[in-house]
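# have a look at this prediction, sequence included:
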Amino acid sequence: MPVEHSGHQGGPCGKRVGEEGWRLGWSVPGMARREEQAEGDNHLSLAGNERRPALVASLGTLGLWLQDMADSAQAQKLVYLVTGGCGFLGEHVVRMLLQQEPRLRELRIFDLHLGPWLEELKTGPVQVTAIQGDVTQAHEVAAAVAGAHVVIHTAGLVDVFGKASPETIHEVNVQGTKNVIEACVQTGTQFLVYTSSMEVVGPNIKGHPFYRGNEDTPYEAVHRHPYPSSKARAEQLVLEANGRKVRGGLPLVTCALRPTGIYGEGHQIMRDIYYQGLRLGGRLFRAIPASVEHGRVYVGNVAWMHVLVARELQQRPALMGGQVYFCYDKSPYKSYEDFNMEFLGPCGLRLVGTRPLLPYWLLMLLAALNALLQWLLRPLLLYAPLLNPYTLAMANTTFTVSTNKAQRHFGYEPLFSWEESRTRTIRWMQAMDSSAQ
Ligand SMILES: NC(=O)C1=CN([C@@H]2O[C@H](COP(=O)(O)OP(=O)(O)OC[C@H]3O[C@@H](n4cnc5c(N)ncnc54)[C@H](O)[C@@H]3O)[C@@H](O)[C@H]2O)C=CC1
Ligand SMILES: CC(C)CCC[C@@H](C)[C@H]1CC[C@H]2[C@@H]3[C@H](O)CC4=CC(=O)CC[C@]4(C)[C@H]3CC[C@]12C
């Protein structure tokens with residue numbers, strides 16, 4: 001069924017966080033690394049001093065303390081920049097970096113729209129610098145990049161609903177990425193991680209299935225839609241830039257991460273579908289056969305992969321430079337709608353029908369009608385429903401990933417199990433529900 005889509009995916013984070021009274025969970029399972037490390041160090045110095053006379057003990061303590069200071073000055077030396085750091089994925093990357101990157105000295109967050117939640121990060125031990133800027137403006141990007149050791153470029157215009165013009169999508173996704181690359185080269189930043197997308201591969205316009213494929217699976221990638229075309233071009237630019245000499249003469253090391261459909265706390269489309277279901281009396285009507293698999297990955301695991309890849313790129317530039325990695329975890333293979341029901345079900349929604357209620361040709365007709373209406377109404381208003389020929393093809397074509405390349409190259413294991421990912425997402429949706437009442 002065509003469901004209306006009220007906002008773009010992500011959107012200004014100020015609005016998002018303020019509206020729901022929602023905050024991302026701060027803790028990560030089994031991994032309070034900074035705290036553990038600090039505690040461990042304290043135990044070490046106390047145990048050492050216990051057996052010494054008082055003066056020696058205090059000198060020893062002073063020595064250890066000075067050593068600690070020197071170590072931590074040495075350890076906390078890296079400056080990271082996250083573009084799009086206030087987006088759905090970007091916010092998770094930012095929080096994950098603060099939790100999981102002990103060598104961080106400064107974290108710069110660059111976004112068109114800055115969110116008020118950034119304020120709460122400024123009280124921590126890492127210097128958090130919020131930069132309101134536009135990736136299409138080369139000088140703004142260069143100023144933000146200057147002095148950063150690592151750039152994680154997640155900023156992008158995610159629009160498959162016809163809200164933005166193809167030119168704007170190209171400007172943000174391609175020219176914005178060119179600006180990031182050039183800024184790295186000019187200012188001497190050596191490591192660049194790019195958030196690409198499964199869409200650079202497919203599904204293609206011919207509707208060929210990609211069934212549990214990996215980074216080396218042959219597939220005819222043909223794009224017509226501006227979003228996948230722009231992501232594919234940007235990814236190509238990032239990979240081609242690997243090895244270019246940056247200011248100072250060192251080589252630029254780049255790689256690209258390709259998430260499948262991301263879900264989790266803050267996912268705008270999930271929220272739109274939820275509210276649509278509520279408007280339909282708690283029901284959604286199956287549109288896609290249950291047999292069509294659509295790849296999904298939890299946002300916390302995608303964020304973790306970004307943090308890990310950024311870290312390991314510095315250790316293994318020869319292996320990882322110029323590589324692409326699909327983002328994956330233990331989320332089950334299901335159709336787009338059945339997967340959503342994992343979260344919408346516990347929130348009281350029901351998916352009606354074991355088979356699609358409407359025949360596919362009728363859905364195609366509705367999708368085409370929506371596209372026509374969008375075009376006709378454009379001078380008057382923006383009509384951007386979820387269902388259009390492109391999104392229908394996306395949802396109706398099997399595209400799933402099965403790979404261990406990230407594990408082989410940089411030791412990636414999902415940080416969140418499927419159960420944890422599911423629970424966190426449901427909790428977020430329920431909190432959203434109660435704050436809406
Ligand atoms: N959401 C998904 O399922 C998937 C997303 N991706 C990619 O992940 C990245 C993040 O996507 P989401 O978090 O879902 O989108 P989002 O829309 O929530 O986040 C994008 C962020 O980029 C910022 N941004 C947009 N234009 C900008 C500009 N001109 N200058 C500076 N900042 C700008 C936005 O303000 C926003 O905060 C994108 O590059 C997207 O292509 C890849 C695969 C799947
Ligand atoms: C009513 C329809 C039959 C169902 C519409 C569902 C669609 C809105 C979504 C189905 C597949 C989604 C896309 C997919 O997960 C891959 C993506 C990767 C990205 O890089 C950006 C987001 C997206 C294009 C995602 C967008 C929504 C769907 C098209």
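All right, it came through fine. Small disclaimer: the values here were computed from a predicted structure and weren't measured. Residues are numbered from 1 along each chain as shown. Ligands and ions are numbered 1, 2, ... in the order given.

# ok, and the closest non-adjacent residue to residue 413?
Excluding its sequence neighbours, the residue lying closest to residue 413 (C-beta to C-beta, 6 or more residues apart in numbering) is residue 407, at 6.5 Å. Quick note: C-beta positions are derived from backbone N, CA and C, even for glycine.

# in which helix or strand would I find that neighbour?
Secondary structure assignment for residue 407, by DSSP states H and E: helix 405-410.

# same check, this time on residue 129
strand 127-132.

# may I see the buried residues of that strand?
Neighbour counts over strand 127-132 (16 or more other C-beta atoms under 10 Å) mark 128, 130-131 as buried.

# related to what we said a few turns ago, from ligand 1, how far off is the residue nearest to residue 413?
20 Å (C-beta to the nearest ligand atom, to the nearest Å).

# who are the contact partners of residue 252?
Counting by C-beta atoms under 8 Å, 6 or more residues apart in numbering, residue 252 makes contact with 181, 184-185, 189-192, 241-246.

# try 7 Å this time
184-185, 190, 192, 241-244, 246 (C-beta atoms under 7 Å, 6 or more residues apart in numbering).

# re earlier: between the buried residues of strand 127-132, which sits nearest ligand 1?
residue 131 (9.5 Å; C-beta to the nearest ligand atom).

# run through the residues that contact that closest one.
108-110, 144.

# export the residues you listed to TSV and tack on neighbour count?
As requested, these are exported to TSV (neighbours: other C-beta atoms under 10 Å):
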residue	neighbour count
108	21
109	26
110	30
144	22
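
# max pairwise distance over these: which two?
Spanning the widest gap among the contacts of residue 131 are 109 and 144, at 9.4 Å by C-beta to C-beta.

# who in the chain is up against ligand 2?
When proximity is defined as C-beta under 6 Å from any ligand atom, the chain approaches ligand 2 at 3, 158, 160, 197-199, 261, 269, 287-288, 336, 386-387, 391-392, 394-395.

# do that again at 5 Å, thanks
With C-beta under 5 Å from any ligand atom as the criterion, the chain comes near ligand 2 at residues 158, 160, 197, 199, 261, 287, 336, 386-387, 391, 394-395.

# quick one: which of these sit in strands?
Of the residues of the chain next to ligand 2, the ones assigned to strands by DSSP state E are residue 261.

# of the residues of the chain next to ligand 2, list those near ligand 1.
The subset of the residues of the chain next to ligand 2 within reach of ligand 1, by C-beta under 5 Å from any ligand atom, is 158, 197, 261.

# starting from the strand holding residue 129, tell me which strands it pairs with and how they run.
Applying DSSP bridges to the sheet, strand 127-132 is found paired with strand 104-111 (parallel).

# give me the contact list for the strand it pairs with.
Contacts to strand 104-111, defined as C-beta under 7 Å, 6+ apart, come from residues 76-86, 90, 94, 97-98, 118, 126-133, 144, 148, 155.
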